[in-house]
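Q: everything below, folded, please.
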Amino acid sequence: MNITEILITVEKAISLIKENVQCTSKTEMISIEKAKGYVLAEDIAAPINLPPFRQSAMDGYALHLSDTDTYTVRGEIKAGDVPSIDLSAGEAVRIFTGAQVPTTADTVVKQELTAKDKNTIRIEGEITLGSNIRPIGEQIKKDTLALPKQTTLFPSTLGYLAGLGITQVLTYKKPTVAIVVTGNELVEIGTPLSDGKVYESNAIMLKNALASLGIQEVIIQKVTDEYHETETILNKMLNNYDFTIVSGGISVGDYDFVGDALAAIGVDEVFYKVKQKPGKPLYFGKKNNRFAFALPGNPASALSCFYVYVALAITRYSGKERSDVLSQRLTAVNSFTSNGTRAQFLKALATAEKVEILDGQASSMLRSFAVANALVYLPEGEQTINKGSEVNVLLLPQ
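A: Model (predicted):
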């Protein structure tokens, strides 16, 4: 293999990804119905006042205040009605939450503070001028900043935009991704399993991991353990997709051709090999603002590397800032001892405040990953996690 083999720390690998992957300049206009998880590429100004009219905050009565405790009721206004009633002092109208308050009403009293008798009501509590009326533009005024550029669009954000009457937004375009799977021993699920073969699982695993990041434009390409085919396929993927993720073929075996092929097609290596477990033979490179990750073939290694490094790169490309694995801390409910000094990512099950380190941490084992929702980070040089201690945790997208 002709690529450089200098092991770097986890922290350095994360830093290099942040240095090399910036927000894309590609944008697209997208319907708010499909915009969940995207990031705004421009500021949005409010096209209307919200609320656009004086709005009742309660079910009750809109009053034209006077010195009396008794008011004559002159009808009702439901949400959606256009009020046509002019109230004089001492008059009221029945009103419901969200309905437009007449211009001649100056207070809304909630119904629990009233007693009704035919067409009159008596106020049985303290009321304040202007109470329970949402003024025009209380939430936001027309032409003011509704959302700034770089805002991630969550369901609540999209509901807010819909309330402003906005139907589409300019967002950063999410990357296109190619998954390249290497290995002559792999067969597709649904076919008979012959001697020496195993079912290929990394492609479906990585495709679904990408979907959890909102990435839908994904192609899967199989390649045999043959150099020229590997080079041809990788060149095609790097020329047509923003990210190419290779599964397997990046170690130092006689039939591991990925590293040499990437070098041959002009991919600039950013790093190769990280002082970590699992996932030591991890590769990251770039070519003309397109990016290549080569992940170990072992499923748990591949998925760990995806969540720590590939997900970081993709979210940055998509316009998001993501908290990395070194930032969040939870309390360990059990202990763990490592048999090495490399940094380690441990499959774990996290709750709001605590995290349990799971059994089955070998790089080939997906069984514990199947129930994990987090990775616990054990830094380089540390071998023990004590029950009750605080640990660094990366919560996995679901």
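
Q: C-alpha from now on. contacts and neighbour counts both.
A: OK.

Q: direction included, what does the worst-scoring helix or strand of the chain on mean pLDDT pair up with?
A: Lowest by mean pLDDT, DSSP states H and E among the helices and strands of the chain is strand 186-187, with a mean of 72. Note on strand 186-187: by DSSP bridges, its sheet partners are strand 198-199 (parallel).

Q: what pLDDT, on average, does the partner strand get?
A: Taken as a whole, strand 198-199 has a mean pLDDT of 77.

Q: the helix or strand that comes right after it - contacts with which helices or strands?
A: Counting by DSSP states H and E, the next helix or strand C-terminal to strand 198-199 is helix 202-211. When contacts are defined as 3 or more CA pairs under 8 Å, 6 or more residues apart in numbering; DSSP states H and E, helix 202-211 sits against strand 177-182, helix 299-305.

Q: what's in contact with whatever helix or strand comes next after helix 202-211?
A: Downstream of helix 202-211, the next assigned helix or strand under DSSP H and E is strand 218-223. Contact with strand 218-223 is made by 176-183, 203, 207, 229-230, 233, as judged by CA atoms under 8 Å, 6 or more residues apart in numbering.

Q: and which of these is nearest Gln361?
A: Nearest to Gln361 among the contacts of strand 218-223 is Ala203, at 20.9 Å by CA to CA.

Q: ok, that closest one touching Val181?
A: Yes. If you go by CA atoms under 8 Å, Ala203 and Val181 touch, sitting 6.8 Å apart.

Q: who has more neighbours, those two?
A: Taking neighbours as other CA atoms under 10 Å, Ala203 and Val181 compare with Val181 leading, 26 against 20.

Q: how near is the more buried one to Glu124?
A: 75 Å (CA to CA, to the nearest Å).

Q: just Leu346 next, same as before
A: 63 Å.

Q: now His64
A: Counting by CA to CA, the gap from His64 to Glu124 is 16 Å.

Q: more neighbours: which of these two?
A: In terms of neighbours (other CA under 10 Å), His64 is the more surrounded of His64 and Glu124; the figures are 22 against 13.

Q: report the contact partners of the more buried one.
A: Applying CA under 8 Å, 6+ apart, the residues near His64 are Leu87, Ser88, Ala89, Gly90, Glu91, Ala92, Thr104, Ala105, Asp106, Thr107.

Q: biggest separation within the residues you listed, which pair?
A: Distance extremes for these: the farthest pair is Ser88 and Thr107 at 12.8 Å, using CA to CA.

Q: which one's more surrounded, those two?
A: Using other CA under 10 Å as the criterion, Ser88 and Thr107 rank with Thr107 on top: 21 against 14.

Q: test my guess that that one contacts Glu126.
A: No. With contact taken as CA under 8 Å, Thr107 and Glu126 are classed as non-touching, separated by 11.9 Å.

Q: if we can go back for a sec, hmm, who's touching the least confident helix or strand of the chain?
A: For strand 186-187, contacts defined as CA under 8 Å, 6+ apart pick out Leu193, Lys197, Val198, Tyr199, Glu200.

Q: all set now, cheers.
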